[in-house]
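Chemist: task: produce atomic coordinates for the following.
(one chain, ligands or ions: 1)
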Amino acid sequence: MNNVTGTAFIVAEFRAEENEETHPLYTDNVVKFWLNEETKTIASAIAQNSPAAKELVKLRTKYFDDVLSNQVLGGCKQIVILGSGLDTRAARINGEKVTYFEIDDLATLQLKEQTLTANKVSANVRYLPGDYVKDGLISLLKQNEFDFELPTYFLWEGNTTLLAKKDVIFVLEQIRDNVNTFRLSFDYMSEQVICRTTGYQDINDYIDKYESMYAPWITGFEKIASLAEELNLKVIENFSTADLHAQYRPLRSRESNLFKFYFVCTLENMSDNRLELQK
Ligand SMILES: C[S@@+](CC[C@H](N)C(=O)[O-])C[C@H]1O[C@@H](n2cnc3c(N)ncnc32)[C@H](O)[C@@H]1O
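Modeler: Presented below is the predicted three-dimensional model:
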């Protein structure tokens, strides 16, 4: 599991655990189809070394579920999930004529499609196998009947920390320059975590243990507002997972200082971006 693709199974294990809560933040009855003794053993070994990891995944799941649901309720008909792994939202959160586009590698998407079909889970989703950096996000979308004029919600969960910074920026630019109207949510780590300058030894220890079992964290951002400004995008929301924890789990104490350095955000394009390009 020490590779980026395998990370999807670990995340799925962490996400599934919330179903056992008396008052869960969300319910995911689909994710169990991909989980087995092997994924459980690996995920619990990681969680033993880094217990906060599970909670971070659950908090971000709740946040992205809520943003996506609101987009669908607001009439959004196109949803793109980058590096979708074992994301189950296409089956869990739907609306009339809402189409999902999921991008990940062929093996992951094939497994996904076959499992959903075998278990009679319906989802209006187009699977786009490929690498959204190397193959190009826009050409993958072009080949798959994506409507560039339709308002679109992009979800990019559990990916930016694993990519080179230039690739994260390239993806953001591609969306900005080609999609007429969009909102985009993603999670990101503070650059201080990557550079090991948070001042918290427990965080440095955490990364060392986590990286040895998972996949290396290579990219973080210090100020999302500055990144957005450079790219001419607007920040709609930006929360640390410490904020989310206080909001969603007011009666529980936080397990790690890392929550203060791991964020979720939602951006949107400025209406003049495409006009500028057309000049
Ligand atoms: C940590 S998992 C997260 C999966 C899912 N988004 C979630 O949060 O449950 C990262 C996923 O992104 C995929 N991924 C990473 N970089 C990618 C790229 N450049 N193109 C396509 N998929 C990518 C991996 O294959 C993996 O399934």
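Chemist: ignoring the adjacent residues along the chain, who's closest to the residue in the stretch 151-279 of the chain positioned nearest to the ligand?
Modeler: Using C-beta to the nearest ligand atom, the closest approach of the stretch 151-279 of the chain to the ligand is made by G158 at 3.2 Å. Backbone N, C-alpha and C define where each C-beta goes, glycine included. In space, and not counting its chain neighbours, G158 is closest to V11: 5.6 Å by C-beta to C-beta, 6 or more residues apart in numbering.
Chemist: residues in contact with the helix or strand containing that neighbour?
Modeler: For V11, the host element (DSSP states H and E) is helix 7-16. By C-beta atoms under 8 Å, 6 or more residues apart in numbering, the surrounding residues in contact with helix 7-16 are 1, 28, 31-32, 34-35, 39-40, 42-44, 46-47, 53-54, 57-58, 61, 85-86, 104, 108, 158, 162, 214-215.
Chemist: emit the PyMOL select command for whichever of the residues you listed are buried.
Modeler: Entered in PyMOL, the line below selects the buried ones among these, by 16 or more other C-beta atoms under 10 Å:
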select buried, resi 1+28+31+34+35+39+42+43+46+47+53+54+57+58+61+85+86+104+108+158+162+214+215
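Chemist: from the contacts of helix 7-16, which land in helices?
Modeler: Among those, DSSP state H puts 39-40, 42-44, 46-47, 53-54, 57-58, 61, 108 in helices.
Chemist: distance to H245 and pLDDT added to those residues, as a markdown table?
Modeler: What follows is the ones in helices among the contacts of helix 7-16, written out as a markdown table (distance: C-beta to C-beta, whole Å; pLDDT from 0 to 100):
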| residue | distance to H245 | pLDDT |
| --- | --- | --- |
| T39 | 25 | 89 |
| K40 | 25 | 90 |
| I42 | 25 | 86 |
| A43 | 21 | 86 |
| S44 | 22 | 87 |
| I46 | 20 | 80 |
| A47 | 17 | 82 |
| A53 | 14 | 87 |
| K54 | 12 | 92 |
| V57 | 13 | 96 |
| K58 | 10 | 97 |
| T61 | 13 | 98 |
| T108 | 29 | 93 |
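Chemist: so which residues on this structure come close to the ligand?
Modeler: By C-beta under 6 Å from any ligand atom, the residues of the chain that approach the ligand are 4-5, 7-8, 11, 83-87, 103-105, 108, 131-133, 157-159, 162.
Chemist: go with 8 Å
Modeler: Taking C-beta under 8 Å from any ligand atom as the contact definition, the chain meets the ligand at 4-5, 7-8, 10-12, 15, 57, 60-61, 81-87, 103-105, 108, 130-135, 155-159, 162-163, 167, 215.
Chemist: quick one, helices of the stretch 151-279 of the chain?
Modeler: 165-178, 191-194, 201-213, 224-230, 241-248, 272-278 (DSSP state H, counting those that start in this stretch).
Chemist: report the angle between the axes of the third one and helix 7-16?
Modeler: With axes from the mean of the first three to the mean of the last three C-alpha atoms, to 10 degrees as the criterion, the two stretches helix 201-213 and helix 7-16 enclose an angle of 130 degrees.
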